[in-house]
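**Student:** next come a sequence and a model predicted from it.
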Amino acid sequence: MTTTVLPRTQVGIIGAGPAGLFLGLLLRRFGIEAVIVDNRTRADIETTIRAGVLEHWVVDLMKSLGISARLEREGHFHRGITLRFKGESHHLDIEELTGGKRVTVYAQHEVMKDLYAAWFAGGGQILFGVRDTRLDAIESNRPSIQFRRTAEAPLETLPCDFIAGCDGFHGPSRQAIPAAERREFQKVYPFGWLGILAEAPPSHHELIYANHARGFALLSMRSPEIQRLYIQCPPDDAIADWSDAQIWQELHTRLETTDGWKLTEGPIIQKNIVALRSFVCETMQFGRLFLAGDAAHIVPPTGAKGLNLAVADVLVLAKALRDFYGRSDFSALENY
């Protein structure tokens, strides 16, 4: 089999989503080379709409990386949240309670645009749309990533010192760890989330979490023109069985208040039902492979934690790699 061997890099990153790009930028700051590969196209990644709630420390990190200009102009900064029980609203001022911290609503695909702009401006390389990606020799000190650029293209090998698996739950990285070595845990919850995107201005300036006898509801937003709303539903419901009128009626019922507040309606441009589950692969390191983000753990969208947890992973990993290259100290990597 003919294989093209590419120039060696220090860290090969599989996955050009938030985990992979944040890791790449952090490594660049520490003077560590990295090449990123992904089986998706750049357009696919930039147009995938995901939750965009950023914790305070993630925004601070984006500022330190020089990628926060658009976020600071266009993001929605929330001082707190509102909890609603039996039609009564209770506001929690998180900024006051935490000494000035707040959350920021800024869509994940917008974060990706900022990450890509910074990565390419610094000469970074991403190979998009690769196929047949697999990991080789991860238990040695000379691992590699193999892939094809098209279905008919020859196999290429990217030699590296370390591999970062930032390729999500369905990627090849976690599967490269022998099954006998993986410790995995999963919990499937007995309910689902029906989510919609609606062309309507936000009905409230902050998130509302509503408890109701018919089930939970959440009011959020994506932009000044787009609302994001969720209702709890049976996990085996089919979205085709929920008309737009039924969805709005259920939202009105669960979010109703005693103070005259009104829910703003608009055309529903996207709707789906998500089964809620949690998954953790305790084995986040095997040989020279390190998992980060959804490759290692999945959390339900209820807490908007996915991106924040992914960034937390790669911050730890980047610092451990800095220690290895800067001081020949392997201890942080061994304890990742």
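**Tutor:** Looks like it arrived, so ask away.
**Student:** CA only for contacts and neighbour counts going forward, please
**Tutor:** Fine.
**Student:** what residues are up against residue 250?
**Tutor:** If you count contacts by Cα atoms under 8 Å, 6 or more residues apart in numbering, residue 250 has them with residue 231.
**Student:** measure it to residue 218 for me?
**Tutor:** Plainly put, residue 250 is 12 Å away from residue 218 if you go by Cα to Cα, to the nearest Å.
**Student:** all strands for the stretch 1-150 of the chain, in order.
**Tutor:** Remark: strands assigned in the stretch 1-150 of the chain by DSSP state E, counting those that start in this stretch are 3-5, 9-14, 34-37, 53-54, 76-78, 81-85, 88-92, 103-105, 126-127, 131-136, 144-148.
**Student:** wait, residue 106 touches residue 50, no?
**Tutor:** No - under the criterion of Cα atoms under 8 Å, residue 106 lies out of contact with residue 50, with a separation of 10.0 Å.
**Student:** ok, these two, which is more surrounded?
**Tutor:** Set side by side, residue 106 and residue 50 show unequal neighbour counts under other Cα atoms under 10 Å, the larger going to residue 106 at 22 against 15.
**Student:** average pLDDT for the longest helix belonging to the chain?
**Tutor:** Taking DSSP state H as the assignment, the helix of the chain that covers the most residues is helix 306-327. The average of the pLDDT scores along helix 306-327 is 97.
**Student:** who's in contact with it?
**Tutor:** Applying Cα under 8 Å, 6+ apart, the contact partners of helix 306-327 are 18-20, 22-23, 26-27, 30, 32, 54-55, 58, 292-294, 298-299, 329-333, 336.
**Student:** ok, stretch 228-243 next?
**Tutor:** The set of residues external to stretch 228-243 that reach it, using Cα under 8 Å, 6+ apart, is 190-198, 215-222, 250-251, 271-276.
**Student:** buried ones among those?
**Tutor:** With burial judged by 16 or more other Cα atoms under 10 Å, the buried subset of the contacts of stretch 228-243 is 191-198, 216-222, 250-251, 271, 273-276.
**Student:** narrow the contacts of helix 306-327 to those in helices?
**Tutor:** With helices identified by DSSP H, the entries of the contacts of helix 306-327 that belong to them are 18-20, 22-23, 26-27, 58, 331-333.
**Student:** which outside residues touch stretch 134-153?
**Tutor:** Contacts made with stretch 134-153 from outside it, assessed by Cα under 8 Å, 6+ apart, are listed as 12, 129-133, 154-163, 172-173, 176, 286-289.
**Student:** again with stretch 91-102
**Tutor:** Contacting residues not belonging to stretch 91-102 are listed as 55-56, 77-83 [Cα under 8 Å, 6+ apart].
**Student:** hmm, residue 282 is touching residue 177, no?
**Tutor:** No - at 11.6 Å, residue 282 and residue 177 do not qualify as touching, with contact defined as Cα under 8 Å.
**Student:** please say which of those two ends up with more neighbours.
**Tutor:** For residue 282 and residue 177, the more surrounded residue by other Cα under 10 Å is residue 177, and the numbers stand at 19 against 14.
**Student:** and the more buried one, what's its pLDDT?
**Tutor:** Here the pLDDT value assigned to residue 177 is 98.
**Student:** thought it was touching residue 286?
**Tutor:** Yes - contact status for residue 177 versus residue 286: in contact at 6.6 Å, counting by Cα under 8 Å.
**Student:** can you put the strands of the stretch 1-150 of the chain in TSV and add distance to residue 257?
**Tutor:** Putting these into TSV (distance: least, Cα to Cα, whole Å) gives the following:
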stretch	distance to residue 257
strand 3-5	64
strand 9-14	47
strand 34-37	49
strand 53-54	25
strand 76-78	21
strand 81-85	8
strand 88-92	6
strand 103-105	24
strand 126-127	49
strand 131-136	52
strand 144-148	55
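**Student:** could I get the ones you listed as CSV with mean pLDDT, mean neighbour count and distance to residue 320?
**Tutor:** Conversion of the strands of the stretch 1-150 of the chain to CSV gives the following (pLDDT from 0 to 100; neighbours: other Cα atoms under 10 Å; distance: least, Cα to Cα, whole Å):
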stretch, mean pLDDT, mean neighbour count, distance to residue 320
strand 3-5, 91, 12, 27
strand 9-14, 99, 24, 12
strand 34-37, 98, 23, 15
strand 53-54, 92, 24, 24
strand 76-78, 89, 19, 32
strand 81-85, 95, 18, 35
strand 88-92, 94, 14, 37
strand 103-105, 90, 21, 27
strand 126-127, 98, 18, 23
strand 131-136, 97, 18, 21
strand 144-148, 97, 22, 20
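**Student:** look up how far residue 275 lies from residue 244.
**Tutor:** Separation of residue 244 from residue 275 (Cα to Cα) stands at 20 Å.
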